[in-house]
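K.L.:
Model the following, please.
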Amino acid sequence: KSSIFNKPPKRVVRNMQELKISGFLVQSKWLRKSRLEKRGRKDIALIFLLRESNMVSRYKKEFLELEKIGVGEFGSVYKCIKRLDGCVYAIKRSKKPLAGSSDEQMALREVYAHAVLGHHPHVVRYYSAWAEDDHMIIQNEHCNGGSLQDVLLENSKTADHFKESELKEILLQVSMGLKYIHTSGLVHMDIKPSNIFICHSLPGSVGQEESDGEDDEVPTSNVVYKIGDLGHVTSITNPQVEEGDCRFLANEVLQEQYCSLPKADIFALALTIALAAGAGPLPANDTPWHHIRRGTLPHIPQQLSCDFIELLKLMIHPDPVVRPSAAALTKHPLLRPSLGKAAQLQEQLNVEKFKTAMLERIWNQFKASEHQEASGWRKKYSIF
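P.N.:
Next up, the predicted model:
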C-alpha cells in the first residue's frame with residue numbers, strides 16, 4: 001500500500017483539531033485488530049466516518065447553499081457562501097451510504113492528497129473536510145469558470161474550438177500543476193477535461209497567488225487552469241492504483257506496469273488538449289482505443305503548427321520513458337518562448353564575455369611585451 005495512505009500525512013496536524021471536532025477521525029496504527037476484522041478489509045486502517053445524526057449540521061450552520069453546480073461518481077458539488085467570511089466555496093457532498101464503499105476510498109484519497117500537497121496556483125485549493133450522517137463533505141476553492149469540459153460542450157455547439165495559443169496556455173498551466181504534484185511524490189491518475197477547472201480574474205483582484213511550488217514564472221493570463229478531483233491520486237514509489245477514465249488511460253497502466261506513472265498523467269493531458277482543439281469523442285475500447293495507444297493522435301479539425309502536433313504525439317508515445325515529463329513541459333521553448341529567448345540572450349552574453357576576456361588577454365600580452373622592449377632599450381642606451 002502507498003505510504004501516504006498507511007499513516008497520517010505530515011501536514012495533517014494542521015487540521016487535526018478541526019477534523020476531530022467535525023467527527024472526521026484520522027486513525028492508523030491505533031486501530032484494534034478486532035475492529036478491522038469486523039469490517040473485513042485490509043485497507044481500512046486510515047479514517048472512520050462517524051455518524052453525526054445527533055449533532056447540528058455544520059454544513060447548514062456554516063454555509064448558505066446557492067445552487068448545485070456538478071454531479072459526479074463521488075456525489076454532488078454545490079456552490080455555497082460561507083456565512084462567516086462571505087466567500088464562495090465549492091462543497092462536495094458524497095452519496096449515501098459512504099462507509100465501506102469505493103466512494104469512501106476516493107474521498108479519503110482526495111483529503112489525504114490535499115493534506116500532503118499544500119497550495120499551488122494550478123491545483124484547486126482545499127480548505128476543510130468533515131463527515132455528517134455518513135456523508136463526506138469536502139470544502140474546496142470555487143472556480144468561477146466551471147470545468148474545461150463545460151467549455152468544450154459549449155464550443156461543440158458552435159465548432160468554436162480553442163486556438164493554438166490558448167491550447168499552449170492550457171498545456172503549460174496544467175503541466176505546472178502536474179509538476180508540483182509529481183515532485184510531491186504523487187500522481188493524479190485521472191487527468192481529463194472534467195477535472196480541469198477554470199478561474200477568471202475578477203475586476204479588482206490583486207496579484208498572483210502564493211505557491212508552495214518552485215516554478216520560476218507563473219503565467220500572467222487572466223484565465224487560470226487548475227487541476228481538481230484528487231480521488232484517484234496515489235504514490236509514485238508505492239502505488240495503489242485505482243484506474244481513472246479508460247478513454248484517457250495509458251496502456252502501461254492497463255498492463256499494471258507502474259514504473260513510469262507520472263508519464264500516464266502526461267498521456268492523459270495530451271488527449272485532453274486534443275479534445276480542447278476539437279477532436280471528436282475518444283474511444284473507450286476496441287481498435288480505435290488501441291490505435292491511440294500505438295501513438296496515433298486523434299484527428300484535430302483545425303490547422304495547428306507541426307511543432308505543436310509533434311509535441312502532442314510525443315506525449316502519447318507508446319513508450320512512457322520517451323514522453324516528456326511535466327517539468328520538461330514547463331520549460332519547453334514552444335510553451336515558454338521567453339525562456340528560449342532568455343537562454344539565447346545568455347548565450348550571446350557569454351560569447352561577448354569570452355570576446356572581452358580574449359581582448360583583455362591580448363592587450364595585457366601587448367603591454368607586457370611593450371614594457372619588456374622599453375626595458376631593453378633603456379639598458380642598451382644607458383650610460384654608466
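K.L.:
Please count neighbours and contacts with C-alpha atoms only from this point.
P.N.:
Will do.
K.L.:
Can you tell me the closest non-neighbouring residue to residue 125?
P.N.:
For residue 125, ignoring the flanking residues on the chain, the nearest one in space by C-alpha to C-alpha, 6 or more residues apart in numbering is residue 141 at 5.0 Å.
K.L.:
surely that neighbour meets residue 126?
P.N.:
Yes - in this structure, residue 141 sits in contact with residue 126. The criterion is C-alpha atoms under 8 Å, and the distance is 6.3 Å.
K.L.:
Settle it for me: which of the two has more neighbours?
P.N.:
In this view residue 141 and residue 126 are compared by other C-alpha atoms under 10 Å, and residue 126 has more residues nearby, 22 against 18.
K.L.:
Tell me who's in contact with the closest residue to that one other than its chain neighbours.
P.N.:
For residue 126, the nearest residue in space outside its immediate sequence neighbours is residue 140; the separation is 4.5 Å by C-alpha to C-alpha, 6+ apart. For residue 140, the residues meeting the contact criterion (C-alpha atoms under 8 Å, 6 or more residues apart in numbering) are 89-92, 124-128.
K.L.:
Return the member of these nearest to residue 337.
P.N.:
Each of the contacts of residue 140 was scored against residue 337 by C-alpha to C-alpha, and residue 124 proved nearest at 26.5 Å.
K.L.:
returning to that earlier point: tell me the first helix or strand C-terminal of the strand or helix carrying the residue nearest to residue 126.
P.N.:
Taking DSSP states H and E as the criterion, residue 140 maps to strand 135-141. Tracing the chain past strand 135-141, the next element assigned as helix or strand by DSSP H and E is helix 148-158.
K.L.:
That next one packs against which elements?
P.N.:
strand 196-200 (3 or more C-alpha pairs under 8 Å, 6 or more residues apart in numbering; DSSP states H and E).
K.L.:
pLDDT of the strand holding residue 140, averaged?
P.N.:
Over the span of strand 135-141, the pLDDT mean works out to 92.
K.L.:
That strand to strand 196-200, inter-axis angle?
P.N.:
40 degrees (axes from the mean of the first three to the mean of the last three C-alpha atoms, to 10 degrees).
K.L.:
Neighbouring strands - and their directions - for strand 135-141?
P.N.:
Looking at strand 135-141 with DSSP bridges, its partner strands are strand 88-94 (antiparallel), strand 126-132 (antiparallel).
K.L.:
Just send those back as a markdown table, with mean pLDDT too.
P.N.:
Converted to a markdown table, the strands paired with strand 135-141 look like this (pLDDT from 0 to 100):
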| stretch | mean pLDDT |
| --- | --- |
| strand 88-94 | 94 |
| strand 126-132 | 92 |
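K.L.:
mind listing what's buried in the strand holding residue 140?
P.N.:
135-141 (16 or more other C-alpha atoms under 10 Å).
K.L.:
ditto for stretch 264-277
P.N.:
Applying a neighbour-count criterion of 16+ other C-alpha under 10 Å, the buried positions in stretch 264-277 are 264-277.
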